[in-house]
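Chemist: Give me the fold of what follows.
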Amino acid sequence: MKSLNFYSAVYHANLLNRKKVCTIRLGDKTDKYRDGDVVLVTYGDRFKPRRELFRAVLDLVEVKRLADLSERDIRGENPDMRTTEDVVSFLEKIYERTIHPSEPATVIYFSEITK
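Modeler: Below you'll find the predicted structure:
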């Protein structure tokens, strides 16, 4: 089973309370993630134990420039973000490099699978 892992502590609370409904990943990830895929949503740093949070279905996987993100995309990534600049600034911290709004990103919407 594929996983959708989150590293940042910022994500943890939003994942647990289900306020995070999408993730924005730099680059084209459509070779890895596709609409309808079932994934294991996990939390934790690379090369360390990760915590299984829930299973989810990928509702929508699309590639667009960061500058073209919708308000829905931005709020789905983090309810506290409002602008593309907020997203770029946040991603620069995650990826530890300068990021430009013209860069492509994959927007992945997901829904928890409940029993």
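
Chemist: Spit out the contact partners of L69.
Modeler: I24, T84, V87, A105, V107 (Cβ atoms under 8 Å, 6 or more residues apart in numbering). No exception for glycine: its C-beta is placed from N, CA and C like everyone else's.

Chemist: Could you tell me whether the last one really is in a strand?
Modeler: Looking back up the chat, that one is V107. Yes: counting by DSSP: H, G, I helix; E, B strand; the rest coil, V107 is found in a strand.

Chemist: tell me the secondary structure for the nearest residue to V21 once chain neighbours are set aside?
Modeler: Leaving out its chain neighbours, the residue that sits closest to V21 by Cβ to Cβ, 6 or more residues apart in numbering is G76, at 4.5 Å. Under three-state DSSP, the three-state class of G76 is helix.

Chemist: contacting residues around stretch 36-51?
Modeler: Contacts for stretch 36-51 (Cβ under 8 Å, 6+ apart): 1-7, 11-12, 15, 33, 52-58, 61, 110, 112-113.

Chemist: Show me the residues you listed that map onto strands.
Modeler: Cross-referencing those against strands under DSSP state E gives 2-6, 52-58, 61, 110, 112.
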